[in-house]
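# for reference, the sequence and a predicted model appear below.
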Amino acid sequence: MFKLASVLIAAGILTVGAGAANAQTVGDWVLGNYQGAGYWFPGIVDKVSGNKVTIRYDDGDRETVSLSEVRPYDWMIGTKVECNYKNAGEWYSGKIASLAGEKIGIAYDDGDKETTKTGRCRTR
């Protein structure tokens with residue numbers, strides 16, 4: 001009985017901890033669902049007020065959204081992304097090949113490669 005109670009308590013702690021991961025604070029790098037379009041763009045939390053967060057996106061745009069439209073920044077080498085190739089307006093699929101702050105290397109699915117900025121990329 002003691003083991004079962006310990007497991008249930010531990011599971012409860014893990015559940016509480018998982019929910020806390022969604023809380024964002026000023027200065028956190030996050031992914032925001034810009035204008036609810038279903039794409040996740042990187043940015044920095046500028047302001048938190050109740051259940052609203054103001055994000056300054058890496059491309060310079062700014063938006064205030066509910067916490068449900070924000071998730072922790074989780075990009076890493078190998079993450080599938082779409083990027084605005086050479087900032088020409090066309091989005092192409094690829095994977096992150098290198099990542100250093102806002103500088104990001106992309107290996108596109110068609111074989112092209114590019115070093116660009118995170119503000120020119122998004123995920124689904």
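Arrived safely. Source: prediction; values computed, not measured. Numbers count the residues shown, from 1 in each chain.
# can you give me the end-to-end distance of stretch 90-106?
Stretch 90-106 stretches 15 Å from its first residue to its last (Cα to Cα, to the nearest Å).
# ok, now stretch 116-124?
19 Å.
# roughly how far apart are the most centrally placed residue in the chain and Lys103?
What sits nearest the mean C-alpha location of the chain, by Cα atoms, centre = their mean, is Leu31, with 2.8 Å. Going from Leu31 to Lys103 by Cβ to Cβ, to the nearest Å gives 17 Å. C-beta here means a position set from N, CA and C on the backbone, and glycine is covered the same way.
# quick check: phi and psi at Gly36.
Backbone torsions of Gly36, given as degrees, to the nearest 10, read phi 60, psi 20.
# let me know how buried it is, in neighbour terms.
Neighbourhood size, Gly36 [other Cβ atoms under 10 Å]: 11.
# measure it to Tyr85 for me?
Counting by Cβ to Cβ, the gap from Gly36 to Tyr85 is 25 Å.
# likewise for Tyr57?
Taking Cβ to Cβ, one finds Tyr57 at 19 Å from Tyr85.
# ok, Val45 next?
In terms of Cβ to Cβ, Val45 sits 28 Å off from Tyr85.
# do Arg71 as well
Plainly put, Arg71 is 25 Å away from Tyr85 if you go by Cβ to Cβ.
# secondary structure class of Gln35, three-state.
Under DSSP: H, G, I helix; E, B strand; the rest coil, the three-state class of Gln35 is helix.
# centre of the chain to the strand or helix carrying Pro42, how far?
Pro42 is located in strand 40-49, with elements delineated by DSSP states H and E. With Cα atoms, centre = their mean, to the nearest Å as the basis, strand 40-49 stands 10 Å off its chain's centre.
# repeat that for stretch 47-58.
Worked out by Cα atoms, centre = their mean, stretch 47-58 lies 14 Å from the chain centre.
# repeat that for stretch 93-102.
Put simply, stretch 93-102 sits 13 Å off its chain's centre (Cα atoms, centre = their mean).
# hey, C-alpha coordinates of it in CSV?
Extracted in CSV, the C-alpha atoms of stretch 93-102 (Å, rounded to 0.1, in the frame of the first residue of the first chain):
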residue,chain,number,x,y,z
SER,A,93,10.8,22.7,-45.6
GLY,A,94,14.1,21.6,-44.0
LYS,A,95,15.8,20.7,-40.8
ILE,A,96,17.9,22.7,-38.4
ALA,A,97,21.6,21.9,-39.1
SER,A,98,23.1,24.4,-36.7
LEU,A,99,21.8,26.8,-34.1
ALA,A,100,23.5,29.7,-32.3
GLY,A,101,21.1,32.1,-30.7
GLU,A,102,19.2,33.8,-33.6
